[in-house]
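>>> can't give you the sequence, but here's the structure:
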């Protein structure tokens, strides 16, 4: 955190954080030597020797060949897909990198980079809390005395500026630069890019710190009451409210890998929370005094914590074991880890980087940004389409877990549970079979017309067969009428004039 009344942009802090690293060079910083670029590796392939099915083995061989060809093509185009190399600050002889000033760095770099440097001095309304958009283009400032401002630092223009006339403890952007939230004296408020108040979040009482989860559209806050609130900014509903039970809290950071929130408490405890569990998923004793700052690296596998005991510790989040421990001259008030894995430590008016606190590689910022994640040069249409796509791809709060790789896996039960379930299933099947046998033995067998074979035969009879008695009666009646008519008729040799004597 900069000194009270003075705020520096993040890229300057990143340059300062490089002072702890470095090899020997001139007094002025210069870019490091280029390193050979490596292709994107995909891990071990499929073990084809153990596959006996020839058809499946042939398909897998074809797939492996396609993967190898695509990997070779990707390695060839890496040079023009990622043209920039990360640079770092070097020192020569007995010189120390922290003695290099910003003016020296600006004079050593090229003109395009030097023009991006600027000074921002706000001596009256600080100290300030600072936040950047995911693309890094817009800067949000929140002064403790109520001064809120949003700046487009690339164009060096102020987008909005407002005085809320009450204490402001923290600020953060929402999904993009169109909205931002401020943790004020009594409640949390949401403003638009013009500085107009949009919402008053009365459920977030006396908040100290805010965090926004971009993939879930959740705004989280924790404050003096010790309650952790999750609010969905797309629907406006409260998703979860957790009582930490560890008193007031003013330290909270999110892990970008799994969206789990890490909270630092006054008892030296660091807890990790998800919205779908009312108790902390992890609770670890980190320091012998209050925790002042917590930070996660971009990969989400490492966590740095600083306490009032003047200690800085680096933890492996996968095993929850400390990797490094350092002592500072005074209690650290802020921590951050750069895109290249460099740890920056802020205390008082100083920002430093421990010489051995390098988690990944030298350099502070990533020179080759991913435009599909965050594009600082996106047009208005691209920003709108990105917002719609983010809402469509929004994840549910239930997907926030400690290990996101477990999502989609089938949980395998222990062998004891599997055996127990099999025994219960076998016992149930045996009982059902015994009941069926007992029912078949005790069933009364009916004889005569109600036999199953008789019923089946009736079903198979034709409709004409069912009407045979009626047809026979009609035929018999017709035959009787014909016989009567034949008996009443005169013999064929009788004259016609005498036929009337033969009729009855």
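That came in fine, so what should we check first? Model, not experiment: these values are computed from the prediction. Numbering: from 1, shown residues only.

>>> Tell me if I'm right that residue 152 and residue 137 touch.
Yes: under the criterion of CB atoms under 8 Å, residue 152 makes contact with residue 137 at 6.4 Å. All C-beta spots, glycine's among them, are computed from the backbone N, C-alpha and C.

>>> Looking at those two, which is more packed in?
Set side by side, residue 152 and residue 137 show more neighbours around residue 137, with 19 against 14, by other CB atoms under 10 Å.

>>> Chain neighbours aside, what residue packs nearest to that one?
Ranked by CB to CB, 6 or more residues apart in numbering and with sequence neighbours excluded, the top spatial neighbour of residue 137 is residue 376, at 4.3 Å.

>>> average model confidence for the lengthiest helix in the chain?
Longest helix in the chain by number of residues (criterion: DSSP state H): helix 415-442. Within the predicted structure, the mean pLDDT of helix 415-442 is 87.

>>> who does that helix touch, helix- and strand-wise?
Of the remaining helices and strands, none touches helix 415-442 by 3 or more CB pairs under 8 Å, 6 or more residues apart in numbering; DSSP states H and E.

>>> Check the offset of it from the chain's centre.
Its chain's C-alpha centre and that of helix 415-442 lie 44 Å apart, by CA atoms, centre = their mean, to the nearest Å.

>>> do stretch 476-485 as well
Its chain's C-alpha centre and that of stretch 476-485 lie 94 Å apart, by CA atoms, centre = their mean.

>>> Likewise for stretch 315-329?
26 Å.

>>> Check which residues of it are buried.
Neighbour-count burial for stretch 315-329, counted by 16 or more other CB atoms under 10 Å, picks out 315, 317, 324, 326, 328.

>>> and what of stretch 263-271?
Burial within stretch 263-271, assessed by neighbour count using 16+ other CB under 10 Å, is assigned to 263-265, 268-271.

>>> coming back round to it: what residues are up against the residue nearest to residue 137?
Contact analysis of residue 376 by CB atoms under 8 Å, 6 or more residues apart in numbering lists 135-137, 154, 369.

>>> Now with 7 Å, please.
135-137 (CB atoms under 7 Å, 6 or more residues apart in numbering).

>>> now residue 347
Residue 347 neighbours (CB under 7 Å, 6+ apart): 328, 330-333.

>>> 6 Å instead, please
Residue 347 sits next to 330, 332-333 when contact means CB atoms under 6 Å, 6 or more residues apart in numbering.

>>> just residue 329 next, same as before
With CB under 6 Å, 6+ apart, residue 329 has no contacts at all.

>>> which SS state does it fall under?
Here residue 329 is recorded as coil under DSSP: H, G, I helix; E, B strand; the rest coil.

>>> cool, and the one 10 residues further on?
Three states are possible here, and by three-state DSSP the one that applies to residue 339 is coil.

>>> And it, how far from residue 485?
Distance from residue 339 to residue 485, counting by CB to CB, to the nearest Å: 116 Å.

>>> And the two? Which one has more around it.
More neighbours surround residue 339 than the other of residue 339 and residue 485, with 17 against 9 (other CB under 10 Å).

>>> ok, residue 232 to residue 395 distance?
Counting by CB to CB - residue 232 and residue 395 are separated by 11 Å.
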